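> heads up, no residue letters with this:
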């Protein structure tokens, strides 16, 4: 039986690649020494493109695939996919929502605790044999503090539920006000930051949100405030954030996402008031398996003519 061709932008975990290879003839763009030659050879017969949230699919790549009908993405973020161009071509886009919500919200809680209670810094004190030899600065508590959530989607709501167990007061800003929650709503990120001890970014990234968390938000958050980002690095004005961290304009930041991943700005490494993670919020065995399963189910549905399991539709 002939296997359909599938173009994979970057490799998935090997277990998932093996599973895909059982059903499709795979062409892995990131493995090719000559990307243009590969696209010229297989591009005309590619109907489905598999990517992830970081690699995405540019207009240039989409145009190299004249028969393309669907883009399946391993991840919930679609900001790296040229959605407007895909729409003009009538190309459907799927992602993997819901299955990673809990893990990302867990990471948000973990990052808040890590930066507030200085867990990584104190771990280094113990490992370096400095316990009892030098004064250890007092941390700040998390329970009972004011949590501001920027973006009350799936992850934002899951984070709020977890934060309620820490007796935190919860407020949010989103492009719309939701009638199904009792959390305090603020009509801008600045007004939310003014009333927050912790500001956690859970918003979707797009051109409108690019570098939208900047000087005015940091001024409002103030020297006692903590920023946490579990969404996308592009939402934060990173050079300005580095300035505020280095001058104690805000208390600290805990970040899972950055500009120019994985080659992030080395100035972060010199700062003692940051906790850094390598974009790992959804990186559990359980969630990555569920994400891969959704990718396979969407591909199977597409090639069989069945309804897609998930399809990204802009809000």
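Right, received. Where do you want to start? From a predicted model like this one, the values you see are computed outputs, not experimental measurements. Numbers count the residues shown, from 1 in each chain.
> residue 132 in helix, strand or coil?
coil (DSSP: H, G, I helix; E, B strand; the rest coil).
> per the record, what domains does the chain have?
Residue ranges for each domain of the chain read 4-98+285-304, 101-276, as given by automatic domain parsing.
> adding distance to residue 312, mean pLDDT and mean neighbour count, write those out as a markdown table.
Any C-beta I mention is one placed from the backbone N, CA and C, and that applies to glycine too. Conversion of the domains of the chain to a markdown table gives the following (distance: least, Cβ to Cβ, whole Å; pLDDT from 0 to 100; neighbours: other Cβ atoms under 10 Å):
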| stretch | distance to residue 312 | mean pLDDT | mean neighbour count |
| --- | --- | --- | --- |
| domain 4-98+285-304 | 5 | 94 | 18 |
| domain 101-276 | 10 | 96 | 18 |
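> can you name the residues that contact the closest residue to residue 79 other than its chain neighbours?
The shortest distance from residue 79 to any residue that is not its chain neighbour, by Cβ to Cβ, 6 or more residues apart in numbering, is 4.0 Å, and that residue is residue 205. Contacts for residue 205 were tallied using Cβ atoms under 8 Å, 6 or more residues apart in numbering; they are 77, 79, 231-232, 234-235.
> any chance of CSV for those residues, columns distance to residue 270 and secondary structure?
Formatted as CSV, the entries for these read as follows, by distance: Cβ to Cβ, whole Å; DSSP: H, G, I helix; E, B strand; the rest coil:
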residue, distance to residue 270, secondary structure
77, 29, coil
79, 29, coil
231, 24, coil
232, 24, coil
234, 23, helix
235, 23, helix
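> now tabulate those in JSON lines and tack on distance to residue 180.
Putting these into JSON lines (distance: Cβ to Cβ, whole Å) gives the following:
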{"residue": "77", "distance to residue 180": "24"}
{"residue": "79", "distance to residue 180": "26"}
{"residue": "231", "distance to residue 180": "22"}
{"residue": "232", "distance to residue 180": "25"}
{"residue": "234", "distance to residue 180": "29"}
{"residue": "235", "distance to residue 180": "25"}
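> identify the farthest-apart pair in these.
Largest separation among the contacts of residue 205 by Cβ to Cβ: 77 and 235, giving 10.9 Å.
> what about stretch 248-256, how long is it end to end?
20 Å (Cα to Cα, to the nearest Å).
> what's in contact with that stretch?
When contacts are taken as Cβ under 8 Å, 6+ apart, the neighbours of stretch 248-256 outside the stretch itself are 107, 111-112, 114-115, 140, 218-219, 221-230, 233, 241, 243-245, 268, 273-281.
> distance from that stretch to the middle of the chain?
When C-alpha coordinates are averaged (Cα atoms, centre = their mean, to the nearest Å), stretch 248-256 and its chain have centres 18 Å apart.
> what does stretch 228-237 give?
With Cα atoms, centre = their mean, you get 8 Å for stretch 228-237.
> cool, and stretch 297-312?
Relative to the mean C-alpha coordinate of its chain, stretch 297-312 is positioned 24 Å out (Cα atoms, centre = their mean).
> can you pull out the helices in this structure?
14-23, 35-42, 59-63, 83-89, 101-116, 119-127, 154-164, 189-194, 215-221, 238-246, 285-304 (DSSP state H).
> tell me how far the second one lies from the chain's centre.
Looking back up the chat, that one is helix 35-42. On the basis of Cα atoms, centre = their mean, helix 35-42 is displaced by 30 Å from the centre of the chain it belongs to.
> list of residues touching that helix?
Contact partners of helix 35-42, identified using Cβ under 8 Å, 6+ apart, comprise 5, 7, 27, 29, 32, 61, 64-65.
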